[in-house]
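For reference, the sequence and a predicted model appear below.
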Protein chains: 2
Amino acid sequence: MKHAVVLVSGGMDSALTLAIAKGLGFTCHALSVDYGQRHRAELTAAMRVAQVFGAAEHHVQKLDLRHFGGSALTADIAVPEAPSEGIPVTYVPARNTIMLSLALAWAETLGSDDIFCGVNAVDYSGYPDCRPAFIDAFQTLARVATKAGVGGEQITIHAPLIAMSKADIARRGHELGVDYAITVSCYQADDEGRACGKCDACRLRAQGFRDAGLPDPTRYF
Amino acid sequence: MKHAVVLVSGGMDSALTLAIAKGLGFTCHALSVDYGQRHRAELTAAMRVAQVFGAAEHHVQKLDLRHFGGSALTADIAVPEAPSEGIPVTYVPARNTIMLSLALAWAETLGSDDIFCGVNAVDYSGYPDCRPAFIDAFQTLARVATKAGVGGEQITIHAPLIAMSKADIARRGHELGVDYAITVSCYQADDEGRACGKCDACRLRAQGFRDAGLPDPTRYF
């Protein structure tokens, strides 16, 4: 049985990623990070996603990034409700590097060479750590950073959604029976997981369902 | 004023690294990680080191790695008291990757391009994440992973001790007036910071002072 660590945020991208990893035959160890994010409803969603999509286990790692701040998700900075130029203030410094590092630690202790994450670089917010160059650099790092890598294990960072549009993600999930209604993407979701419909994450998500010609199951407040 | 994030473990290597960074004119932001390590006395030592060597501030990031385990420092595995073949069980999976990721997050929010860490690859335990190849790969990653890096900032991972022997480290610290008596290297130090004298970390440290012809200020239990 092949084991994989799957980063699960609670949003639609990581839900599809988990479904894909599972479909490839991996025993999936779901990892979420409680980093003090504003939209804590995503952690509740992550638990549901891990359960519904049959992760073997789910670990929520506590790691409060609010001391560093520097983002609308971890500091007292408003979430923008209109598109902005450049990398938006919802960018969390080094977040994906940190999360993949944690996944790498877990993978190594599990004896797993496979890590999945749901980054995508088509309909996205322009975060640097969602691009193919980032995934490639992390994979190179992983192979020199660990006992497993130095021992010749081909640690692989799988980013199966990296070249997919949000419409592709909506469609593919629909085909695989992924229930996006249980996912939360909104940066300022309320405790019930209801979305604002205005932030970057909401806009990209809603557009994806529209472009795919599929009903949007998101609950808005 | 140039700012730098300096990883400070409480051992002699990171104490010297902090002194070097300070000597280069950096305002130093010391970062330690409380990862559930067996040798908690090193965190107390880290606080002293940060204070004595004039760090502008010191942050101890809580991040419990015991869920992952897989190491004599984070799981119920005995610390070896004799040299072993290959990478020893005190290796903590992905530890330096995780710590540098956290340093990267802090550096970015501080507007700093400089991160210092005290890894060295001469008299060391053979950990993969202490080698030049690891530092190089992390620096490459840092430059594609962050808003600062993508914006053209030349984020640099400084590892000034990487090619130094333990004797070099003892001597250089002596020249710079670094008081190694306040540092703790032992993997199973007691609450007072006294060392076992038997583990890998103790052996390397003691040999360093011997080779340098300097008195060893370590307190043993």
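That came through fine. Please read all numbers here as calculations on a predicted model, not as lab measurements.

ok, is the helix or strand of chain A with the lowest mean pLDDT in contact with chain B or not?
In chain A, no helix or strand scores lower on mean pLDDT, DSSP states H and E than helix A:147-150, which sits at a mean of 89. Yes. Against chain B, helix A:147-150 shows contacts by CB under 8 Å from any CB of the partner chain at A:147, A:149-150. Placement of C-beta: from N, CA and C, glycine included.

again with stretch A:83-102
Yes. Shown here: stretch A:83-102 in contact with chain B (CB under 8 Å from any CB) through A:87, A:91-98, A:101-102.

possible to save those residues as JSON lines with secondary structure and pLDDT?
Shown next, in JSON lines, are the residues of stretch A:83-102 next to chain B (DSSP: H, G, I helix; E, B strand; the rest coil; pLDDT from 0 to 100):
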{"residue": "A:87", "secondary structure": "coil", "pLDDT": "90"}
{"residue": "A:91", "secondary structure": "coil", "pLDDT": "91"}
{"residue": "A:92", "secondary structure": "coil", "pLDDT": "92"}
{"residue": "A:93", "secondary structure": "coil", "pLDDT": "93"}
{"residue": "A:94", "secondary structure": "coil", "pLDDT": "95"}
{"residue": "A:95", "secondary structure": "helix", "pLDDT": "95"}
{"residue": "A:96", "secondary structure": "helix", "pLDDT": "96"}
{"residue": "A:97", "secondary structure": "helix", "pLDDT": "97"}
{"residue": "A:98", "secondary structure": "helix", "pLDDT": "98"}
{"residue": "A:101", "secondary structure": "helix", "pLDDT": "98"}
{"residue": "A:102", "secondary structure": "helix", "pLDDT": "98"}
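
Save these as CSV, and put in neighbour count and distance to residue A:9 too.
Below are those laid out as CSV (neighbours: other CB atoms under 10 Å in any protein chain shown; distance: CB to CB, whole Å):
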residue, neighbour count, distance to residue A:9
A:87, 15, 19
A:91, 22, 15
A:92, 26, 12
A:93, 24, 17
A:94, 31, 16
A:95, 22, 10
A:96, 21, 10
A:97, 28, 15
A:98, 27, 13
A:101, 25, 16
A:102, 26, 13
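
ok, the residues you listed vs residue B:161, which is closest?
Within these, the smallest distance to residue B:161 is 22.0 Å, found for residue A:101 (CB to CB).

Verify the stated contact: the closest one with residue B:95.
No. Residue A:101 is beyond contact range of residue B:95, at 9.1 Å (criterion: CB atoms under 8 Å).

Does anything pack onto the helix or strand hosting residue A:104? Which helices or strands?
Taking DSSP states H and E as the definition, residue A:104 sits inside helix A:95-110. Judged by 3 or more CB pairs under 8 Å, 6 or more residues apart in numbering or on different chains; DSSP states H and E, helix A:95-110 is in contact with strand A:3-7, strand A:27-34, strand A:114-116, helix A:132-145, helix A:147-150, helix B:95-110, helix B:132-145.

Swap in 7 Å and give it another go.
For helix A:95-110, the packing partners by 3 or more CB pairs under 7 Å, 6 or more residues apart in numbering or on different chains; DSSP states H and E come out as strand A:3-7, strand A:27-34, strand A:114-116, helix A:132-145, helix B:95-110.

could you dump those to JSON lines with distance to residue A:214?
As requested, the helices and strands packed on helix A:95-110 are exported to JSON lines (distance: least, CB to CB, whole Å):
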{"stretch": "strand A:3-7", "distance to residue A:214": "24"}
{"stretch": "strand A:27-34", "distance to residue A:214": "25"}
{"stretch": "strand A:114-116", "distance to residue A:214": "24"}
{"stretch": "helix A:132-145", "distance to residue A:214": "27"}
{"stretch": "helix B:95-110", "distance to residue A:214": "36"}
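
right, so of the ones you listed, which gets closest to residue B:195?
Relative to residue B:195, the nearest member of the helices and strands packed on helix A:95-110 by CB to CB is helix B:95-110, separated by 20.5 Å.

Identify the residues contacting the closest one?
Outside helix B:95-110, the residues that touch it by CB atoms under 7 Å, 6 or more residues apart in numbering or on different chains are A:65, A:68-70, A:93-94, A:97-98, A:101-102, A:104-105, A:141, A:145, B:3, B:5, B:7, B:29, B:31, B:33, B:61, B:115, B:117, B:119, B:129-130, B:134, B:138, B:142, B:146-148, B:157.

Contact residues of chain A facing chain B?
Within chain A, the positions adjacent to chain B are A:59, A:62-65, A:67-70, A:87, A:91, A:93-94, A:97-98, A:101-102, A:104-106, A:108-109, A:128-129, A:133-134, A:137-138, A:140-141, A:144-147, A:149-150 by CB under 7 Å from any CB of the partner chain.

ok so, going back, pull the distance from the helix holding residue A:104 to the chain's centre.
Computed by CA atoms, centre = their mean, to the nearest Å, the chain-centroid distance of helix A:95-110 equals 13 Å.

Likewise for stretch A:137-156?
Counting by CA atoms, centre = their mean, stretch A:137-156 comes out at 22 Å from the chain centroid.

what comes up buried for it?
A:137-150, A:153, A:155 (16 or more other CB atoms under 10 Å in any protein chain shown).

Report the two members of those separated by the largest distance.
Spatially, the most separated pair among these is A:137 and A:147, at 20.2 Å (CB to CB).

What is the neighbour count of the nearest residue to residue A:156 once chain neighbours are set aside?
Nearest residue to residue A:156, sequence neighbours excluded (CB to CB, 6 or more residues apart in numbering or on different chains): residue A:114, at 5.5 Å. Residue A:114 is flanked by 21 other residues according to other CB atoms under 10 Å in any protein chain shown.

ok, which stretches of chain A are helices?
Secondary structure of chain A (DSSP state H): helices at A:12-23, A:41-52, A:95-110, A:132-145, A:147-150, A:166-176, A:200-212.
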